[in-house]
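K.L.:
Fold the following, please.
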Amino acid sequence: QVQLVESGGGLVQAGGSLRLSCAASGRTFSTYIMGWFRQAPGKERDFVAAIRRSGVSTYVANSVKGRFTISRDNAKNTVYLQMNSLKPEDTAVYYCAAGPQDLLYVQEQTRYSSWGRGTQVTVSS
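P.N.:
The predicted structure is shown next:
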């Protein structure tokens, strides 16, 4: 398993941007699929985006498509989530997670074996 630490959250006005980072420990980072999930107050945790180890294949939830971009730098053991045109409904705790590279359904949370503690994103209207 890898240890994951998210950063980059904060308070931003609607229409603004933030870039989240997730730093991973260990030498096997490049073998994992990496995902971002979020949980708003009183709601279940939802899939946001995922990226396979090559960085070529990415997946983004419909709710954030065209606004959020996931990327990774395997040399730095880091995955990013660039969030543009933020809306108040994007307010949530954002978590990164590591899962098996062969994961078919990337939004299947139970298959991710390592999770960070999360970073708060608050979008004001």
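K.L.:
Contact partners for the spatially most central residue of the chain?
P.N.:
By Cα atoms, centre = their mean, the mean C-alpha position of the chain lies nearest to residue 36, the distance being 2.2 Å. Residue 36 makes contacts with 20, 22, 48, 49, 50, 70, 79, 81, 94, 95, 96, 97, as judged by Cβ atoms under 8 Å, 6 or more residues apart in numbering. C-beta: built from backbone N, CA, C; applies to glycine.
K.L.:
Let me know how buried residue 43 is, in neighbour terms.
P.N.:
As a burial measure, residue 43 scores 9 neighbours (other Cβ atoms under 10 Å).
K.L.:
326 is where my numbering starts, stick with that
P.N.:
Okay, using 326 as the starting number, the last item reads as residue 368.
K.L.:
what's the closest non-adjacent residue to it?
P.N.:
Counting by Cβ to Cβ, 6 or more residues apart in numbering, the nearest residue to residue 368 once its immediate chain neighbours are dropped is residue 417, at 8.0 Å.
K.L.:
For the one you found, give the beta-bridge partners.
P.N.:
residue 446 (DSSP bridges).
K.L.:
mind checking pLDDT for it?
P.N.:
At residue 417, the pLDDT value in this model is 98.
K.L.:
Tell me how many other residues crowd it.
P.N.:
Applying other Cβ under 10 Å, we find 22 residues neighbouring residue 417.
K.L.:
quick one on the thing from earlier: would you list the buried entries among the contacts of residue 361?
P.N.:
345, 347, 373, 374, 375, 395, 404, 406, 419, 420, 421, 422 (16 or more other Cβ atoms under 10 Å).
K.L.:
Confirm the third one sits in a strand?
P.N.:
Think residue 373. Yes. Residue 373 sits within a strand when classified using DSSP: H, G, I helix; E, B strand; the rest coil.
K.L.:
dump the residue contacts of it.
P.N.:
Residue 373 neighbours (Cβ under 8 Å, 6+ apart): 360, 361, 362, 363, 385, 386, 389, 393, 406, 419.
K.L.:
In CSV: those residues, plus distance to residue 426 and secondary structure.
P.N.:
Formatted as CSV, the contacts of residue 373 follow (distance: Cβ to Cβ, whole Å; DSSP: H, G, I helix; E, B strand; the rest coil):
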residue, distance to residue 426, secondary structure
360, 12, strand
361, 17, strand
362, 18, strand
363, 23, strand
385, 19, strand
386, 20, coil
389, 23, coil
393, 22, strand
406, 19, strand
419, 22, strand
